[in-house]
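Engineer: Requesting a structural model of the entry that follows:
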Amino acid sequence: MPELPEVETTCAGIRPAILNNQISSLVIRNYNFRWPIAPELPVLIQDMKVHEVYRRAKYIVLLLSQGSLILHLGMSGSLRVLDSNIPLKKHDHIDINFIDGTCLRLNDPRRFGAVIYTTEPIDQHKLFQHLGPEPLSQSFDAEYLTSYCRIKNQNIKSVIMNAQIVVGVGNIYANEALFLAGIHPETPAKSLTTKQASELCNQIKLVLITAIKQGGTTLKDFSSPDGKPGYFSQQLKVYGRKGLPCVNCQTLLQEVRIQNRSTVFCAACQRQQSENN
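Structural biologist: You can find the predicted model right below:
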């Protein structure tokens, strides 16, 4: 699933081509996505200009002349900027065409993505109302994280992957940040010290910034809008490395399932602690 760095990379890739560009038409070949696409959408957004392109959590927001278009890439979706005459590929379900001949094409094999138009302020839309702060913002710091950990009975990995606490820390980057911070993923959130919370916040930010610079992580089918793969996978320290030696101490990496997600860690570098420690 495209995570925050992949979505940020996508925004950066499509922005130059569509910013201040005028929509000429919307072509929908399949209306059955996570939420069915409104049949009237092509008429609603025709002739509108794109005034801003930005990311909120894992959503891409196109601020239009009136209202906003919210896009989500689901489990395996991607956006490509190309000429509208380029032949279709399998699973090319939606084209946003612009007056200069540019086409923003959505490919989504599983159709778990979303295309939603709203005239509400974005923060008031139901998809955004309960989202936590952005992990790269100043609002996400040790004091903020500690305040939530004190009232949570969950393990720390589940806490940092909770979008109501902080958005966009997906499974790959949660694994990596916890390793770099030296925190066992099953550590009870309540036991986290302020020093640990500060280090974890710093590592989350560092991992995400580095991944964005590398264009994201290619695991199966992610590539940026220009077709280039993400290269952060070459820097992964623990994710996907179960049974391999730790890059720090050579201890063989172990795996557990947390919320049914693969969680790889080093038992030597990330010693487990109890709630009473």
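Engineer: Break the chain down into its structural domains.
Structural biologist: Taking automatic domain parsing as the criterion, the chain consists of the domains 4-124, 142-265.
Engineer: gap between the shortest one and the chain center?
Structural biologist: Domain 4-124 sits 16 Å away from the centroid of its parent chain (CA atoms, centre = their mean, to the nearest Å).
Engineer: what does the longest one give?
Structural biologist: Shown here is domain 142-265, whose average C-alpha point lies 13 Å from the average C-alpha point of the whole chain (CA atoms, centre = their mean).
Engineer: That one: end-to-end distance?
Structural biologist: 22 Å (CA to CA, to the nearest Å).
Engineer: before we move on, back to that, select, out of the domains of the chain, the one closest to residue 130.
Structural biologist: Proximity to residue 130 (CB to CB) singles out domain 142-265 among those, at 5.3 Å. Every C-beta, even on glycine, is put in place using the N, C-alpha and C of the backbone.
Engineer: in the stretch 151-277 of the chain, which spans are strands?
Structural biologist: Under the criterion DSSP state E, counting those that start in this stretch, strands of the stretch 151-277 of the chain are mapped to 254-258, 261-265.
Engineer: I'd like the ones you listed as CSV, with distance to residue 41 and mean pLDDT appended.
Structural biologist: Formatted as CSV, the strands of the stretch 151-277 of the chain follow (distance: least, CB to CB, whole Å; pLDDT from 0 to 100):
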stretch, distance to residue 41, mean pLDDT
strand 254-258, 38, 97
strand 261-265, 33, 96
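Engineer: wait, which of these is closest to residue 89?
Structural biologist: Here strand 261-265 is closest among those (CB to CB), at 29.5 Å.
Engineer: low-confidence ranges in the stretch 101-250 of the chain?
Structural biologist: Scanning the stretch 101-250 of the chain with the threshold set as pLDDT under 70 gives 216-234.
Engineer: ranking the strands of the stretch 151-277 of the chain by burial, who's on top?
Structural biologist: Per residue and on average, the most neighbours among the strands of the stretch 151-277 of the chain fall to strand 261-265, with a mean of 20 (mean count of other CB atoms under 10 Å).
Engineer: follow-up on the earlier one: any chance of the domains of the chain in a markdown table, plus distance to residue 272?
Structural biologist: Output for the domains of the chain, formatted as a markdown table (distance: least, CB to CB, whole Å):
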| stretch | distance to residue 272 |
| --- | --- |
| domain 4-124 | 27 |
| domain 142-265 | 4 |
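Engineer: got the residue ranges for the helices in the stretch 151-277 of the chain?
Structural biologist: Per DSSP state H, counting those that start in this stretch, the stretch 151-277 of the chain carries helices over the ranges 156-160, 171-181, 194-213.
Engineer: from memory residue 172 sits against residue 236, does it?
Structural biologist: Yes - with contact defined as CB atoms under 8 Å, residue 172 reaches residue 236; the gap is 7.4 Å.
Engineer: quick one: which of the strands of the stretch 151-277 of the chain is nearest residue 204?
Structural biologist: Among these, strand 261-265 comes nearest to residue 204, with 15.5 Å by CB to CB.
Engineer: now for the closest one, which elements pack on it?
Structural biologist: With contacts taken as 3 or more CB pairs under 8 Å, 6 or more residues apart in numbering; DSSP states H and E, strand 261-265 sits against helix 171-181, strand 254-258.
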